[in-house]
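> this one's structure only:
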């Protein structure tokens, strides 16, 4: 590490921990705010193309954050200094869930409610990451950071894959989330048998039906959790106790030099560097936005940020930093709460509408608005992208010899138009049969037929499995299967 404990104006503190991709260090930003600094593994960075892949991963994270994904540890910059590459974050990356598991305060330690809150927030963030065509790639207790307000943040997204390679996919993320849920069930939730069963059920649901269904399973079982857990009070108290105590981090790192500040040498901001294409940044995107826009376009991430409104979001469900607890997890967990459903005329302080003297004009205006609302509704339904929500496979009982069995896969959609990409797997073959069907708008169910020709003498049981690859509401493939017995 560079002498003086200072990286691009970030003052490094004493507390540090090792991670899969390098060493995390507590830091203080130039404005005095607590932050984090990750020194990436120099040996891994020396691999062909590793630095470019790291830049692409960081740019993708920043693009997601600008588009309203609040559950990622926000990255401020990516710099090269003194032969090392550092990821600078706007919030601390210490402690992680792994760190908190090594020491608990007396009294109000994290419980089943704390575990459920962490799982709901991480599932929500992963769903947003997967919807953008990305994956985390190394999800575990060491890459889930707990912020000062008790929110769960995903750290190191895409960095392990960028440095070491490997297969980063939503399916692997789902399996890792299920393992995390089981770990929290046996740890923080161990004091409540009902809560343990709830978290175990959520883990199994994630593996069979995806993260969206697992998140909903946790939400529907909130009556099994301690009252008031959505305030994250126990997590915040644990953080305060952990910060003030001398509990070691989960994977201690070598001490960081914090002596008198020395010259850092040349600091290169990798987010600004030329990608080698020779093209200028897109017009109208100065500074960071230009680099993010160009790299996002190169990586295939859709840019959904409206002009002049980068970093803003609409009325979507939000988890993570910068959002009061009463408007994030508490809103989601609180069933039946009225949210943005009160008509303007019923709101407190609203002025009563002026009466029109002529009833004919009023009736005409109401009729026009009704027609307009209907047209807008029909247009929005027509414009909605296709999303598959459920899959069900059925197989008839074959009769006779040398017959064709028509396997039917019934998919439930949101009524949008688009293409369904899917695979049929036969139990007597190793390779799938991949197909694509075009679905018209309007209908919410669609059938995928699979004729299976069987012949010969004897008795044999066969199984047909349908895997809908995309587009799915959960962002992960949906599966179902059916079996039949052939007798001749």
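Perfect, I can see it now. All values reported here derive from a predicted model rather than from experimental measurement.
> can you list the domains in the protein?
Domain assignment for the chain by automatic domain parsing gives 6-305+319-327, 388-487.
> can you tell me which of the ones you listed the model trusts least?
Among these, domain 6-305+319-327 has the lowest mean pLDDT, at a mean of 79.
> Which other helices and strands does the one helix or strand residue 78 maps to contact?
Secondary structure assigned from DSSP states H and E places residue 78 in strand 75-81. For strand 75-81, the helices and strands in contact under the criterion 3 or more C-beta pairs under 8 Å, 6 or more residues apart in numbering; DSSP states H and E are helix 50-66, strand 84-89, strand 267-269. (C-beta placed from N, C-alpha, C; glycine too.)
> Mind putting these into JSON lines with distance to residue 486 and mean neighbour count?
Formatted as JSON lines, those follow (distance: least, C-beta to C-beta, whole Å; neighbours: other C-beta atoms under 10 Å):
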{"stretch": "helix 50-66", "distance to residue 486": "49", "mean neighbour count": "22"}
{"stretch": "strand 84-89", "distance to residue 486": "58", "mean neighbour count": "23"}
{"stretch": "strand 267-269", "distance to residue 486": "66", "mean neighbour count": "15"}
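> So which of these is nearest residue 473?
helix 50-66 (19.1 Å; C-beta to C-beta).
> Which elements pack onto the closest one?
helix 42-45, strand 75-81, strand 84-89, helix 159-164, helix 287-299.
> And the shortest one, what does it pack against?
Based on contacts counted as 3+ C-beta pairs under 8 Å, 6+ apart, the elements that helix 42-45 packs against are helix 50-66, strand 84-89, helix 159-164.
> The ones you listed: which one's closest to residue 138?
helix 159-164 (3.9 Å).
> Tell me the first helix or strand C-terminal of the closest one.
Scanning forward in sequence from helix 159-164 by DSSP H and E, the next helix or strand is helix 170-186.
> which outside residues touch that next one?
Defining contact as C-beta atoms under 8 Å, 6 or more residues apart in numbering, one finds that helix 170-186 is touched by 97, 115, 118-119, 122-123, 126, 129-130, 135-141, 144, 195-196, 199-200, 202-204, 206-207, 210-211, 214, 475-477.
> so which strand or helix has the closest residue to residue 454 other than its chain neighbours?
Distance criterion C-beta to C-beta, 6 or more residues apart in numbering; nearest residue to residue 454, sequence neighbours excluded, is residue 486 at 4.8 Å. Under DSSP H and E, the secondary-structure element containing residue 486 is strand 478-487.
> Please name the strands paired to that strand in the sheet, noting orientation.
Each strand that strand 478-487 pairs with, and the sense of that pairing, follows from DSSP bridges: strand 459-470 (antiparallel).
> I'd assumed residue 479 was in contact with residue 210.
No. When contacts are counted by C-beta atoms under 8 Å, residue 210 is not listed as touching residue 479 (9.8 Å).
> between these two, which one's more packed in?
When residue 210 and residue 479 are compared for neighbours, residue 210 comes out ahead with 24 against 16, by other C-beta atoms under 10 Å.
> got a list of what that one touches?
Taking C-beta under 8 Å, 6+ apart as the criterion, residue 210 is in contact with 174, 472, 474, 475, 476, 478.
> Quick one: neighbours of the fifth one, just the number.
The reference is to residue 476. If you count neighbours by other C-beta under 10 Å, residue 476 ends up with 24.
> Looking at the helices and strands packed on helix 42-45, which is nearest to residue 149?
Distances from residue 149 to each of the helices and strands packed on helix 42-45 were compared by C-beta to C-beta, and the smallest falls on strand 84-89, at 15.6 Å.
> what's the next helix or strand after that closest one packed up against?
Later in the chain than strand 84-89, the nearest helix or strand by DSSP H and E is helix 97-100. Judged by 3+ C-beta pairs under 8 Å, 6+ apart, helix 97-100 is in contact with strand 144-146, helix 233-244.
> Identify the residues contacting the shortest one?
Applying C-beta under 8 Å, 6+ apart, the contact partners of strand 144-146 are 73, 91-97, 100, 118, 122, 152-155, 180, 235, 239.
> Show the subsequent helix or strand relative to that strand.
Using DSSP H and E, the helix or strand that directly follows strand 144-146 along the chain is strand 152-154.
> Which strands or helices does that following strand pack on?
When contacts are defined as 3+ C-beta pairs under 8 Å, 6+ apart, strand 152-154 packs onto helix 112-131, strand 144-146.
> So which residues make contact with it?
Strand 152-154 is touched from outside by 71-73, 91, 97, 117-118, 121-122, 125-126, 129, 136, 139, 143-147, 319-321, with contacts defined as C-beta under 8 Å, 6+ apart.
> can I get the domains of the chain in TSV with distance to residue 369?
What follows is those, written out as TSV (distance: least, C-beta to C-beta, whole Å):
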stretch	distance to residue 369
domain 6-305+319-327	30
domain 388-487	24
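> where's residue 434, which helix or strand?
Here residue 434 is covered by strand 433-439, with elements defined by DSSP H and E.
> Could you list the paired strands of that strand along with their orientation?
Strand 433-439 has these partner strands in its sheet, going by DSSP bridges: strand 418-426 (antiparallel).
> buried residues in the strand it pairs with?
Neighbour counts using 16 or more other C-beta atoms under 10 Å place 418, 420, 421, 422, 423, 424, 425, 426 of strand 418-426 among the buried residues.
> ok, now which ones touch the third one?
Residue 421 sits next to 434, 435, 436, 468, 469, 470 when contact means C-beta under 8 Å, 6+ apart.
> let's go with 6 Å and repeat that
Residue 421 makes contacts with 436, 469, 470, as judged by C-beta atoms under 6 Å, 6 or more residues apart in numbering.
> Could you check what's spatially nearest to it, not counting adjacent residues?
The nearest residue in space to residue 421 (C-beta to C-beta, 6+ apart) is residue 469, at 4.6 Å.
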